[in-house]
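J.: can you look at this prediction? I've put the sequence above it.
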Amino acid sequence: MSVEKMTTFQLEKHVDYIKSLDKKADFDSVVMEHLRMSGAYWGLTAMDMMHSLDDMDGDEIAAWILKCQHDCGGFGGNLGHDPHILYTLNAVQILALFDKLDVADADKIANYISGLQKDDGSFAGDEWGEIDTRFTYAAVNCLSILKRMHTINVQKATDFLVRCRNFDGGFGCTPGGESHAGQIFCCVAALAIMGALHHVDKDLLGWWLCERQVKAGGLNGRPEKLPDVCYSWWVLSSLVILDRAHWINKEKLKDFILNCQDQDRGGISDAPDDAVDVFHTFFGVAGLSLLEYPGIKSIDPAYALPVHVVDRIFFRQKC
Ligand SMILES: CN(C(=O)[C@H](Cc1cnc[nH]1)NC(=O)OCc1ccccc1)[C@@H](Cc1ccccc1)C(=O)N[C@@H](Cc1c[nH]c2ccccc12)C(=O)NO
Ligand SMILES: [Zn+2]
């Protein structure tokens, strides 16, 4: 049994790592260029959880986001990139972080998203028509934040997700698709936002999810796979929504995530001693947040936004 170096959360190092990203023009930033909107959402949400969103220029970022919007209402992953439902969600999430939802035309965005819903209740990701439960989650999260849920057929959206339920209690990307932690998160979170969690067998799915924890403490995405920090989010957020989070060993998961930090340069990787990236840094901080690690703001397990942001959206007193 190797003695893992016991470590604490290196908050300041992770803040500096994320701030350094914008200036880098290395391989990663080129490869990730088409999903820069997602990268911005991961980095900025992590910054807010670490009490450092004020270090970022919200006005400059909001201006860039609006330049990524097309006439159809959808947002692309970067300037000049085609609109897609995933980046439209990320754009709206970032505006919510900065309390700048007022700069978005909610009706125009809702029109884009509702136009992607099919007769069977499913959602396409864009005009090319790929169907995936990820896109239902993106549609439902985004429209809920914009208060435009009435622009889609919620009952048919729910019926499609139920048709994607498997015998193991999990969900796949389409009916008959095998259960995968990422798809399970999307379906469980979307059902929670639509108030339809009664369609989920919490004990059956809770068992499948807690079985994702390996001896080393980390969580994997499917049976027999290696543990990966991002599954700390996909699996644990689903368990929190199903009220079964106490079925895993939280202490061992916390140590696994802390062990994936780069102690010197900051950032969190998918597994110990791997290269860090902004994606796993976000999902590592979000996992620690769900584990109620001291000094990290709470994150909402369904909206994937800090709780104070979700509260501001839904409970702001209209003066
Ligand atoms: C395109 N992506 C992936 O395929 C990652 C790759 C990976 C990371 N660790 C193990 N594999 N896989 C991934 O996100 O799988 C989780 C998943 C799968 C399907 C549905 C939802 C989540 C990553 C980017 C990436 C690529 C390569 C290495 C690290 C990060 C990615 O953008 N994932 C998306 C997953 C996703 C796509 N659509 C979504 C809709 C809602 C929620 C999540 C997503 C995301 O988390 N957006 O916020
Ligand atoms: Zn991962």
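T.: Right, received. Where do you want to start? Residues are numbered from 1 along each chain as shown. Ligands and ions are numbered 1, 2, ... in the order given.

J.: in the chain, which residue sits closest to ligand 1?
T.: Nearest residue of the chain to ligand 1 (CB to the nearest ligand atom) works out as residue 182 at 2.4 Å. For glycine as for every other residue, the C-beta is placed from the backbone atoms N, C-alpha and C.

J.: grab the nearest non-local neighbour of residue 19.
T.: residue 55 (6.4 Å; CB to CB, 6 or more residues apart in numbering).

J.: can you report how many residues lie near the residue of the chain found nearest ligand 2?
T.: Ligand 2 sits closest to residue 230 of the chain, with a gap of 3.2 Å, by CB to the ion. For residue 230, the neighbour count with other CB atoms under 10 Å is 21.

J.: and if you look at residue 79?
T.: Using other CB under 10 Å, residue 79 has 10 other residues around it.

J.: can you list the residue ranges for strands in the stretch 101-250 of the chain?
T.: For the stretch 101-250 of the chain, no strands are identified by DSSP state E, counting those that start in this stretch.

J.: and it, which of its residues are near ligand 1?
T.: The stretch 101-250 of the chain comes close to ligand 1 at residues 134, 137, 138, 182, 183, 186, 228, 230, 234, as judged by CB under 6 Å from any ligand atom.

J.: how does it look with 5 Å?
T.: Contact residues, the stretch 101-250 of the chain versus ligand 1 (CB under 5 Å from any ligand atom): 134, 137, 138, 182, 230.

J.: tell me which two of those sit farthest apart.
T.: The widest separation within those, taken as CB to CB, falls between 138 and 230 and amounts to 17.1 Å.

J.: show me the helices in the stretch 51-200 of the chain, by range?
T.: 58-67, 85-97, 106-114, 133-145, 154-163, 181-193 (DSSP state H, counting those that start in this stretch).

J.: what helices or strands is the third one leaning on?
T.: In this structure, helix 106-114 packs against helix 85-97, helix 133-145, with contacts taken as 3 or more CB pairs under 8 Å, 6 or more residues apart in numbering; DSSP states H and E.

J.: same check on the fourth one?
T.: Secondary-structure packing of helix 133-145 (3+ CB pairs under 8 Å, 6+ apart): helix 85-97, helix 106-114, helix 154-163, helix 181-193.

J.: possible to save those as CSV with mean pLDDT and mean neighbour count?
T.: Formatted as CSV, the helices and strands packed on helix 133-145 follow (pLDDT from 0 to 100; neighbours: other CB atoms under 10 Å):
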stretch, mean pLDDT, mean neighbour count
helix 85-97, 98, 25
helix 106-114, 98, 19
helix 154-163, 98, 18
helix 181-193, 98, 25
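
J.: tell me where the model's unsure across the stretch 201-319 of the chain.
T.: Scanning the stretch 201-319 of the chain for pLDDT under 70 picks out 319.

J.: hang on, the earlier thing: distance to residue 224 for the helices and strands packed on helix 106-114 - can I get that in JSON lines?
T.: Below are these laid out as JSON lines (distance: least, CB to CB, whole Å):
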{"stretch": "helix 85-97", "distance to residue 224": "28"}
{"stretch": "helix 133-145", "distance to residue 224": "23"}
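
J.: on that earlier part again, looking at the helices of the stretch 51-200 of the chain, which is closest to residue 312?
T.: That would be helix 85-97 among those, by CB to CB, at 8.0 Å.

J.: show me what the closest one packs onto, helices and strands only.
T.: Counting by 3+ CB pairs under 8 Å, 6+ apart, helix 85-97 packs on helix 36-49, helix 58-67, helix 106-114, helix 133-145, helix 307-315.

J.: most neighbours per residue, which of these?
T.: Among those, ranked by average contacts under mean count of other CB atoms under 10 Å, first place goes to helix 133-145 (a mean of 25).

J.: contact residues of the chain facing ligand 2?
T.: Residues of the chain lying close to ligand 2 by CB under 5 Å from the ion are 228, 230, 270.
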